[in-house]
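A.B. asks: Turn this into a model:
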Amino acid sequence: MTRDPPPRPAPEPVTRWRVLPPRTKRPRLPPELIPRPPLWRRLGRRIGREVLGILLPMLAALALLWITGFRP
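C.D. replies: As a prediction, the model looks like this:
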């Protein structure tokens, strides 16, 4: 005949929320350890800004000339 297993102790009642330790800030990497983006991306951004800075005003001027009826 098998015996019943001994009764398990009752879990302790939860009386309040568990307080988590404060989160610590991740240490910032020094600039020499921060990976630089690839050359094509750096150049692409700079060239893109310069091209937009030249092309957008030119296109706006052409659009204004076109709208006002100036036809070369």
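A.B. asks: Show the average pLDDT along the helix or strand harbouring W40.
C.D. replies: In the assignment (DSSP states H and E), W40 maps to helix 39-68. Mean per-residue pLDDT for helix 39-68: 87.
A.B. asks: Buried ones in that helix, by neighbour count?
C.D. replies: Neighbour counts over helix 39-68 (16 or more other C-beta atoms under 10 Å) mark no residue as buried. For glycine as for every other residue, the C-beta is placed from the backbone atoms N, C-alpha and C.
A.B. asks: roughly how far is that helix from the heart of the chain?
C.D. replies: 27 Å (C-alpha atoms, centre = their mean, to the nearest Å).
A.B. asks: does the residue nearest in space to the middle of the chain sit in a helix or strand, and which one?
C.D. replies: In the chain, the residue lying closest to the centroid (C-alpha atoms, centre = their mean) is P37, at 14.9 Å. For P37, there is no host helix or strand (DSSP H and E).
A.B. asks: how about it, what does it touch?
C.D. replies: Neighbour list for P37: empty [criterion: C-beta atoms under 8 Å, 6 or more residues apart in numbering].
A.B. asks: SS state for T2?
C.D. replies: The assignment at T2 comes out as coil when based on DSSP: H, G, I helix; E, B strand; the rest coil.
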